[in-house]
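Visitor: output the structure for:
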Amino acid sequence: LVMPCCFDAWSARLVERADFPLSFMSGFAVAAARHALPDTGLVSYGEMVDAARAITAAVSIPVIGDGDTGYGNALNVRRTVAGYAAAGLAAVMIEDQVAPKRCGHTEGKQVIPRAEALTRLRAAVDAREAGADILILARTDARATDGLEEALERARAFEDLGADIIFVEAPRSEAEMEAICRATTRPNLANMIAGGASPVLPPTRLEELGFAIVAYPLALLAVATRAMEGAL
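Guide: Numbers count the residues shown, from 1 in each chain. Down below sits the predicted model:
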């Protein structure tokens, strides 16, 4: 599944009109488009839910929402998952970075201990099982901080807890990408960022490696920015 990422209702509508099967509300793109801010955890839960409501009201395709670190402790994570479901999102991404988080392809990011990461994800799964009509996309950034094996161990643990989709951020090679897809039986997401830490591969190659979804978080924001600069 090829997934261009959106940042408002208009960009989401354009994704749907171009016949893509789904989209992703990118926290990076929302921070940039709404506030001209970097992806450093400066956008609040309430602002993201507000953006989600506008996006899901504009389209009929499923949209995944960037839930960052869940915006607090385990109770906040449960509230985030329930709130994203109520806003009409099809899935919510919860990650294991230290709050405030930062873009997954930047230097200096940190992750919480594995036990704490599992507590965070368990809260997300509990919210789903309590009635939130939403899938859980579990993300780990541990590859950059603790190495590939730790990232794979976290991915396996996320699957065991009940995550629906797995996302190991910023693998460094095709061999690492293939290892990620072999580590779990859940669908895996690949993240394509030009100039980022991971090889940028075509969807056909990503599918061969075992990925089920490929996200392009900055593609629309980048071309929109260049077009506006040219017009100005």
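Visitor: helix, strand or coil for residue 150?
Guide: Three-state call for residue 150 (DSSP: H, G, I helix; E, B strand; the rest coil): helix.
Visitor: can you check the pLDDT for it?
Guide: You'll see residue 150 listed with a pLDDT of 98.
Visitor: residue contacts, residue 15?
Guide: By C-beta atoms under 8 Å, 6 or more residues apart in numbering, the residues touching residue 15 are 4, 6, 23, 59, 61, 220. (Glycine included, C-beta is placed from N, CA and C.)
Visitor: for the second one, which non-adjacent residue is closest in space?
Guide: Looking back up the chat, that one is residue 6. With sequence-adjacent residues excluded and distances taken as C-beta to C-beta, 6 or more residues apart in numbering, residue 6 is closest to residue 12, at 3.9 Å.
Visitor: distance of the one you found from residue 121?
Guide: Residue 12 is 27 Å from residue 121, where distance means C-beta to C-beta, to the nearest Å.
Visitor: now do the same contact list for the residue nearest to residue 6.
Guide: Residues counted as contacts of residue 12 (C-beta under 8 Å, 6+ apart) are 6, 23, 25, 55, 58-59, 63.
Visitor: now, which of the residues you listed sits nearest residue 177?
Guide: Nearest to residue 177 among these is residue 23, at 22.5 Å by C-beta to C-beta.
Visitor: could you say which helix or strand holds the nearest residue to residue 59 once chain neighbours are set aside?
Guide: Spatial nearest neighbour of residue 59, excluding adjacent residues (C-beta to C-beta, 6+ apart): residue 16 at 4.5 Å. If you go by DSSP states H and E, residue 16 is part of helix 9-17.
Visitor: correct me, but residue 120 touches residue 113?
Guide: No - at 10.6 Å, residue 120 does not count as touching residue 113 under the criterion of C-beta atoms under 8 Å.
Visitor: quick one, which of those two is more surrounded?
Guide: Relative neighbour count places residue 120 above the other of residue 120 and residue 113, with 21 against 11, counting by other C-beta atoms under 10 Å.
Visitor: that one: which element?
Guide: Using DSSP H and E, residue 120 maps to helix 114-129.
Visitor: just checking, what packs against the helix or strand hosting residue 181?
Guide: Taking DSSP H and E as the definition, one finds residue 181 inside helix 174-183. Secondary-structure packing of helix 174-183 (3 or more C-beta pairs under 8 Å, 6 or more residues apart in numbering; DSSP states H and E): helix 148-161, strand 165-168, helix 203-209.
Visitor: can you say which of the ones you listed is nearest to residue 91?
Guide: strand 165-168 (6.6 Å).
Visitor: just checking, what packs against that closest one?
Guide: For strand 165-168, the packing partners by 3+ C-beta pairs under 8 Å, 6+ apart are strand 135-140, helix 148-161, helix 174-183, strand 189-191.
Visitor: avg pLDDT for that strand?
Guide: Here strand 165-168 scores 98 as its mean pLDDT.
Visitor: list the contacts for residue 192?
Guide: 198, 200-201, 214-216.
Visitor: again, only using 6 Å
Guide: By C-beta atoms under 6 Å, 6 or more residues apart in numbering, the contact set of residue 192 is 200, 214, 216.
Visitor: for the first one, which non-adjacent residue is closest in space?
Guide: So the one you mean is residue 200. Take residue 200 and drop its neighbours on the chain: the residue closest to it by C-beta to C-beta, 6+ apart is residue 192, 5.2 Å away.
Visitor: phi, psi for the one you found please.
Guide: phi -110, psi 110 (degrees, to the nearest 10).
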